[in-house]
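> After the sequence you'll find the predicted model.
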Amino acid sequence: MRTLAPDFYARPVLDVARELIGCVVEHDGCSGVIVETEAYHESEPACHAYAGLTPRTEVLFGPPGLAYVYRSYGIHALLNAVCEPEGVGAAVLIRALAPLDGIELMRERRGLVGGRPARDVELCSGPGKLTQALGIRLDQNGASLARGPVRIGEREDGWREPPVAIGPRIGITRAIDLRWRFCAAGDANVSRPRI
DNA sequence: CATGGGATTGACT
DNA sequence: GTCAATCCCATGC
């Protein structure tokens, strides 16, 4: 896989969020196609960087192309790609994948869902699910997305990106009017609520 | 130093 | 539809 260079991320976060749809995330024997993203920027209060430069947000303000991984609700690790030039706090949250390789390993990592093994569409259809399925943990915070262990790259098999649907971001309480969520239209792996 | 909220999920009514 | 699980860290006293 040809991984995306830091230049790709050193641009307006909305452009990167849209263009990451259709790219591939790879980690520890598993991979999937990105079908849902959200953009976050220091200028709006739903972004962690809105609070300024703190130990928590240090990576967000760092160079583009790094992984920003943080714990959500005390339980889930959420994967973001740091964007915009160094010094600007912005990132794209990876919210859902279409499973590609290592599906049985993903199923093992996801464990039982409703008392039975997860169906394919339950493996990566949410930001906490996909990190669990790929084995991405907090210790990957600050790592390079070009060099790994978590890598993001372009597909080389001629797959065409579907139309992208746009809507408001999910699960936040502030800046809920911004339509900064991007989904591969009609893809079954997009999390709820669907646009 | 204590407290409280959050970019979620899964189980249950 | 409701609700608990559970951790990091920002905030305030």
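Looks like it came in fine.
> To what extent is A:R160 buried, counted in neighbours?
Burial measure for A:R160: 6 neighbouring residues, criterion other Cβ atoms under 10 Å. Yep, even glycine has a C-beta here, placed from its N, CA and C like the rest.
> where does it land in three-state SS?
Under DSSP: H, G, I helix; E, B strand; the rest coil, A:R160 falls in the coil class.
> residues touching the spatially most central residue of chain A, list them.
The residue lying closest to the centre of chain A (Cα atoms, centre = their mean) is A:I94, at 1.3 Å. By Cβ atoms under 8 Å, 6 or more residues apart in numbering, A:I94 lies in contact with A:20, A:25, A:34, A:36-37, A:79-81, A:127, A:130.
> What strand or helix carries it?
Applying DSSP states H and E as the criterion places A:I94 in strand A:90-101.
> That strand - which strands sit beside it in the sheet, and in what orientation?
Strand A:90-101 sits in its sheet next to strand A:30-41 (antiparallel), strand A:76-82 (antiparallel), going by DSSP bridges.
> gap between that strand and the chain center?
Centroid separation for strand A:90-101 versus its chain: 4 Å, with Cα atoms, centre = their mean, to the nearest Å.
> quick check, the helix or strand following that strand touching DNA strand B?
On the C-terminal side of strand A:90-101, the nearest following helix or strand under DSSP H and E is helix A:103-110. Yes - using Cβ under 7 Å from any atom of the strand, we find that helix A:103-110 touches DNA strand B at A:R110.
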